[in-house]
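K.L.:
Test case, fold it:
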Amino acid sequence: MTVVRAKFKVIRIERSKGWNNVGEVQTIVLTPVTGGSRENAAFFAATPAGEIKVGTVNAEAAKEFDLGAEFYVDFTLAEPVPTE
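P.N.:
Numbering: from 1, shown residues only. Have a look, this model is predicted:
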């Protein structure tokens, strides 16, 4: 299968209290890029709508996602894993 690549932008970071004493949960919300460059315009033409939400309790991981940052997202088919 071919890898499908999209380009998304961080539009919101939500912070909420964790459960079972895990501290803070951060949810990073991304939507497809819409413009600002020729590359973004090309990605927008192929993916004009969508949303990705990633939740983490790992503060170090959350620091990698700044508001307005853009990320490539690659979709690769995951083969089924045999059950035990």
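K.L.:
residues of stretch 25-36 that come out buried?
P.N.:
26, 28-30, 32-33 (16 or more other C-beta atoms under 10 Å). Backbone N, C-alpha and C define where each C-beta goes, glycine included.
K.L.:
ok, then the element right after the longest helix belonging to the chain?
P.N.:
In the chain, assigned by DSSP state H, the helix with the most residues is helix 38-46. Next along the chain after helix 38-46, taking DSSP states H and E as the criterion, comes strand 52-56.
K.L.:
Export only the CA atoms of that next one, formatted as PDB.
P.N.:
Output of strand 52-56 as PDB, limited to C-alpha atoms (Å, rounded to 0.1, in the frame of the first residue of the first chain):
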ATOM      1  CA  ILE A  52      -6.900  15.000  14.700                       C
ATOM      2  CA  LYS A  53      -7.000  15.000  18.500                       C
ATOM      3  CA  VAL A  54      -4.100  13.500  20.400                       C
ATOM      4  CA  GLY A  55      -4.300  13.200  24.100                       C
ATOM      5  CA  THR A  56      -1.200  12.800  26.300                       C
END
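K.L.:
which secondary structure elements does the helix or strand following it contact?
P.N.:
Of the helices and strands lying after strand 52-56 in sequence (DSSP H and E), the nearest is helix 59-62. Secondary structure elements in contact with helix 59-62, counted by 3 or more C-beta pairs under 8 Å, 6 or more residues apart in numbering; DSSP states H and E, are strand 24-32.
K.L.:
Which elements pack onto the strand it packs on?
P.N.:
Secondary elements touching strand 24-32 (3+ C-beta pairs under 8 Å, 6+ apart): strand 4-17, strand 52-56, helix 59-62.
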